[in-house]
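**Student:** just a sequence and a predicted model for now, questions to come.
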Amino acid sequence: MEASQKDFENAMNQVKLLKKDPGNEVKLKLYALYKQATEGPCNMPKPGVFDFINKAKWDAWNALGSLPKETARQNYVDLVSSLSPSSEASSQGEPGVHEKVPESEGIVVTSEDGITKITFNRPTKKNAITFQMYNQIIEALKTASTDNSAITVFTGNGDYYSSGNDLTNFTSAAGGMEEAAKTGAVVLRNFVNSFIDFPKPLIAVVNGPAVGISVTLLGMFDAVYASDKATFHTPFSSLGQTPEACSSYTFPKIMGPAKATEMLIFGKKLTAKEAWAQGLVTEVFPESTFQQEVWTKLKRYAKLPPNAMRISKELIRKSEKEKLYAVNAEECTTLQSKWLTEECINAIMSFVSRKAKL
Ligand SMILES: CCCCCCCCCCC/C=C/C(=O)SCCNC(=O)CCNC(=O)[C@H](O)C(C)(C)COP(=O)(O)OP(=O)(O)OC[C@H]1O[C@@H](n2cnc3c(N)ncnc32)[C@H](O)[C@@H]1OP(=O)(O)O
């Protein structure tokens, strides 16, 4: 039996009440089916290549071809009912149904036992770093540089350390793509400078896979402890992008140019053991004892005299600082222009419309 207009309207209301974001792929399908059911085949001019969101919507609608309105209406109703478990659909009017699930905070900062801990906290998005999180981290590092803690630690909540830059940062940016690229380059430069300047020992507790900028930044850390389930992946070429966070300088220095090339240019994903063998990781622990062993060690280190640690770090970093600022500036300028290339735009579009994964 075909869905009636009433079923269609009920389904539209259910979408508004969904407690869980169904994700971009499903949202695009819903949009396309809605348009097809109400207006028929796509008759709009194709949006420009830089108009990411409208182009993704147009592609989804246009892909439905000449699907009849009635079939689109039925498919829309079926898709919505597959998203809403009957308990959720039938709970309209029950207390709590309009309660919004609180968005998790992008980062969480805590301070205890002489350790300031900065946690990437978007586990449902594999801790992808949003525009807002870049700015929150800059602020958190500023505060941590003068607080009472002796050391600062980054880690991730959930199964990932971080999946790197949130690829929707650009598609959701207000204004044109050129403006977004310009803003992105300024934010990135300030972000990386705040790691170059950070005065206390900075440690990464890599609890799971790390991608993109969350890997390249490790070259700015003073120690990196990894679970044996962590992996290290910088797929810049596949994304039509180039390295950042001074990795074009730190990685060849840490592991030699040949190994750095495999990672930064060819996108070779390293296991924790391989990353340790190449000097990017300080020590690898079995997943079963990772948290306990690492935090016991860090609590011990945090009791060491803080001024001595700070001054030693200054001695290590001092001779490199000017070089690092210059490399950071050049990497950001390069990325600003790469973000506007077809290679990069197509890679981001593929991810957003879920045609591609790493
Ligand atoms: C105004 C502009 C401001 C710009 C700000 C400055 C910009 C600085 C940029 C610095 C340059 C940085 C470069 C990089 O970091 S490059 C690396 C980018 N990362 C990726 O390419 C990873 C993409 N993700 C994946 O390939 C897969 O998601 C992954 C292998 C990580 C996991 O796969 P899995 O199948 O296990 O899980 P899902 O794909 O289902 O993911 C679960 C949900 O999480 C969302 N997700 C994951 N990663 C990202 C990401 N990087 N960006 C956005 N969203 C991400 C994914 O979409 C799923 O969400 P839904 O459930 O809603 O579909």
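**Tutor:** Arrived safely, thanks for sending. Residues are numbered from 1 along each chain as shown.

**Student:** which residue is nearest the middle of this structure?
**Tutor:** What sits nearest the mean C-alpha location of the chain, by Cα atoms, centre = their mean, is residue 128, with 1.8 Å.

**Student:** separation between that residue and residue 143?
**Tutor:** To residue 143, residue 128 is 23 Å away according to Cβ to Cβ, to the nearest Å. No exception for glycine: its C-beta is placed from N, CA and C like everyone else's.

**Student:** so what's the residue in the stretch 51-200 of the chain that the ligand sits nearest to up against?
**Tutor:** Proximity of the stretch 51-200 of the chain to the ligand (Cβ to the nearest ligand atom) peaks at residue 164, 2.7 Å away. Neighbouring residues of residue 164 by Cβ atoms under 8 Å, 6 or more residues apart in numbering: 128, 129, 210, 211, 212, 213, 214, 215.

**Student:** can you tell me the closest non-neighbouring residue to it?
**Tutor:** Distances taken as Cβ to Cβ, 6 or more residues apart in numbering place residue 212 nearest to residue 164, at 2.5 Å, with adjacent residues excluded.

**Student:** give me the neighbour count for that neighbour.
**Tutor:** If you count neighbours by other Cβ atoms under 10 Å, residue 212 ends up with 24.

**Student:** surely it meets residue 165?
**Tutor:** Yes - using Cβ atoms under 8 Å, residue 212 is in contact with residue 165, at 5.5 Å.

**Student:** tell me, how many neighbours does residue 76 end up with?
**Tutor:** The number of residues packed near residue 76 is 26, by other Cβ under 10 Å.

**Student:** need the pLDDT of the closest residue to it other than its chain neighbours.
**Tutor:** Closest residue to residue 76 apart from its sequence neighbours, by Cβ to Cβ, 6+ apart: residue 33 at 4.0 Å. Per-residue confidence at residue 33 stands at 93 (pLDDT).

**Student:** which of the residues in whatever helix or strand residue 33 lives in are buried?
**Tutor:** In this structure, residue 33 is located in helix 24-39 according to DSSP states H and E. By neighbour count with 16 or more other Cβ atoms under 10 Å, helix 24-39 contains the buried residues 24, 26, 28, 29, 30, 31, 32, 33, 34, 35, 36, 37.

**Student:** give me the contact list for that helix.
**Tutor:** 8, 12, 15, 22, 42, 56-57, 60-61, 63-64, 67, 69-70, 72-73, 75-76, 79-80, 83, 168, 352-354.

**Student:** can you pull the contacts of the residue of the stretch 151-300 of the chain found nearest the ligand?
**Tutor:** Proximity of the stretch 151-300 of the chain to the ligand (Cβ to the nearest ligand atom) peaks at residue 212, 2.2 Å away. Shown in contact with residue 212 (Cβ under 8 Å, 6+ apart): 163, 164, 165, 233, 234, 235, 236.
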